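Undergrad: Sharing a model prediction with you, sequence too.
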Amino acid sequence: MKGIFPIDKFRQLRTPFYYYDTKVLRDTLSAVRSVMDKQQNYVVHYAVKANANPKLLSIISGYGLGADCVSGGEIRAALQAGFPAGKIVFAGVGKADWEIALGLDCGIFCFNVESVPELEVIDKIAADKGKVARVAFRINPDVGAHTHAHITTGLAENKFGISMHDMDKVIDMARGLKHVQFEGLHFHIGSQILDMGDFTALCNRVNELQDKLEARGVRVAHINVGGGLGIDYSHPNRQPVPDFQAYFATYRNALKLRQWQTLHFEPGRSIVGQCGSLIAQVLYVKQGAEKQFAILDAGFTELIRPAFYQAYHKIENITSDAPLQTYDVVGPICESSDVFGKAVDLNAAKRGDLVALRSAGAYGEAMASGYNCRELPKGYLSDELI
């Protein structure tokens with residue numbers, strides 16, 4: 001699979017860097033767009049936190065998606081990339097006053113509200129500006145997801161959302177405020193979910209809550225089910241485009257959407273995950289007492305997921321056809337957790353070889369840091385390296 005990378009072009013660039021295959025990205029966006037065209041009441045908002053590279057954002061906005069933002073900075077990035085304000089949703093448990101003011105000034109579609117204190121602050125800031133804020137309430141459905149504990153968000157123990165038991169009280173409170181307009185319910189149970197049964201369980205919970213609200217005469221204009229669809233980290237070439245058909249069909253079949261409602265989604269990883277690879281260079285091959293190490297010039301400052309989530313990324317030596325050898329693939333950071341993979345089989349590595357850490361388009365460049373005073377990695381699109 002080395003042929004998918006422009007090795008000669010890579011040799012001219014300083015490593016480490018991110019490489020984004022725009023064909024994979026466009027194929028992914030086309031798959032999402034085809035569902036949106038068939039289901040006119042479906043609205044897809046790209047989760048900017050997955051990757052805020054401005055060149056990628058511009059491509060994504062060009063396919064008519066909205067944006068799911070979790071900070072004022074992301075709102076600005078989305079607007080600069082061409083996302084219309086009327087398709088921006090703003091989530092997060094800790095929205096600062098200036099961020100709320102920015103959302104109001106820009107006229108974003110909706111604030112996904114996560115607590116009563118937040119609702120009160122939004123109402124006050126909106127009143128000061130003479131505006132009305134459209135709000136949806138993020139309800140914590142207490143639905144588990146078969147994924148890593150750090151990226152499960154829908155359990156009662158998680159910090160996110162409003163308890164189901166408080167839903168009626170909060171909605172009643174909102175309907176009594178002059179400067180907020182209650183429009184929707186928002187849910188998000190976690191990330192990197194591959195079991196469609198988890199989404200079915202969410203649908204069942206949403207159906208229960210909707211029936212309960214309608215019994216009280218409360219109609220909800222839109223339902224937002226968040227994101228969460230996972231990707232195939234083990235076989236990025238086999239399935240570069242996630243199974244959106246199964247994902248959207250789950251909601252179409254299990255969710256009792258009312259005829260007046262729109263259904264909103266917030267995918268992030270599934271949009272950009274497979275199009276990106278972190279390209280690094282082998283600095284040294286070190287023989288230890290019991291194992292050998294391939295030491296790269298990239299570390300968790302460029303890709304923190306393995307250290308943070310114990311996440312797996314397929315690692316390939318893209319400049320070697322030598323027989324396989326086994327390595328612990330590590331970075332240069334002065335931390336023992338700076339390990340990309342243990343007992344990894346690679347084509348025999350030597351100093352100067354280029355290594356690709358695959359499926360790194362989501363939560364790679366976006367989570368990079370300057371720890372150890374390291375420079376942030378650059379990102380290059382395949383279109384730029386033709």
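TA: Yep, it's here. Residues are numbered from 1 along each chain as shown.
Undergrad: Can you list the low-confidence ranges for the chain?
TA: Along the chain, the model assigns pLDDT under 70 to residues 1-2, 144-160.
Undergrad: downstream neighbour of the lengthiest helix in it in the secondary structure list?
TA: Ranked by residue count and defined by DSSP state H, the top helix of the chain is helix 196-215. The helix or strand immediately downstream of helix 196-215 is strand 222-224, counting by DSSP states H and E.
Undergrad: so how far is the helix or strand following that next one off the chain centroid?
TA: Per DSSP H and E, the first helix or strand lying C-terminal to strand 222-224 is helix 244-254. Relative to the chain's own centre, helix 244-254 is displaced by 19 Å; criterion: Cα atoms, centre = their mean, to the nearest Å.
Undergrad: quick one on the thing from earlier: in the longest helix of the chain, what counts as buried?
TA: 196, 198, 199, 200, 201, 202, 203, 205, 206, 209, 210, 213 (16 or more other Cβ atoms under 10 Å). For every residue, glycine as well, the C-beta is placed using N, CA and C.
Undergrad: need those in JSON lines with distance to residue 288, can you?
TA: Shown next, in JSON lines, are these (distance: Cβ to Cβ, whole Å):
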{"residue": "196", "distance to residue 288": "43"}
{"residue": "198", "distance to residue 288": "41"}
{"residue": "199", "distance to residue 288": "44"}
{"residue": "200", "distance to residue 288": "47"}
{"residue": "201", "distance to residue 288": "46"}
{"residue": "202", "distance to residue 288": "46"}
{"residue": "203", "distance to residue 288": "51"}
{"residue": "205", "distance to residue 288": "50"}
{"residue": "206", "distance to residue 288": "52"}
{"residue": "209", "distance to residue 288": "55"}
{"residue": "210", "distance to residue 288": "59"}
{"residue": "213", "distance to residue 288": "61"}
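Undergrad: which one of the residues you listed sits closest to residue 367?
TA: residue 198 (24.0 Å; Cβ to Cβ).
Undergrad: Was I right to think that closest one contacts residue 143?
TA: Yes. The criterion here is Cβ atoms under 8 Å, and residue 198 meets it with residue 143 at 7.2 Å.
Undergrad: Identify the residues contacting the residue in the chain sticking out farthest from the centre.
TA: Relative to the centre of the chain, the most outlying C-alpha is that of residue 289, 40.2 Å out, by Cα atoms, centre = their mean. By Cβ atoms under 8 Å, 6 or more residues apart in numbering, residue 289 lies in contact with nothing.
Undergrad: State the distance from it to residue 335.
TA: Look at residue 289 and residue 335: by Cβ to Cβ, to the nearest Å, they are 21 Å apart.
Undergrad: Equivalent analysis for residue 90, please.
TA: Distance of residue 90 to residue 335, computed by Cβ to Cβ: 34 Å.
Undergrad: And the two? Which one has more around it.
TA: Neighbours were counted for residue 90 and for residue 335 using other Cβ atoms under 10 Å; residue 90 has more, 29 against 13.
Undergrad: Show me what that one is bridged to.
TA: Beta bridges link residue 90 to residue 69, residue 111, judged by DSSP bridges.
Undergrad: That one and residue 78 touch, don't they?
TA: No. Judged on Cβ under 8 Å, residue 90 makes no contact with residue 78 at a distance of 10.0 Å.
Undergrad: tell me, what's touching the two both at once?
TA: Common neighbours of residue 90 and residue 78, using Cβ under 8 Å, 6+ apart, are residue 69.
Undergrad: Which residues are in contact with each of residue 198 and residue 143?
TA: residue 189.
Undergrad: Tell me how many other residues crowd the closest residue to residue 26 other than its chain neighbours.
TA: Sequence neighbours aside, residue 59 is the residue nearest to residue 26 in space, at 7.1 Å (criterion: Cβ to Cβ, 6 or more residues apart in numbering). For residue 59, the count of nearby residues is 20 (other Cβ under 10 Å).
Undergrad: And the host helix or strand of residue 59, what does it pack against?
TA: Per DSSP H and E, residue 59 falls inside helix 54-61. Other elements packing on helix 54-61 under the criterion 3 or more Cβ pairs under 8 Å, 6 or more residues apart in numbering; DSSP states H and E are helix 22-38, helix 72-80, helix 269-272, strand 378-381.
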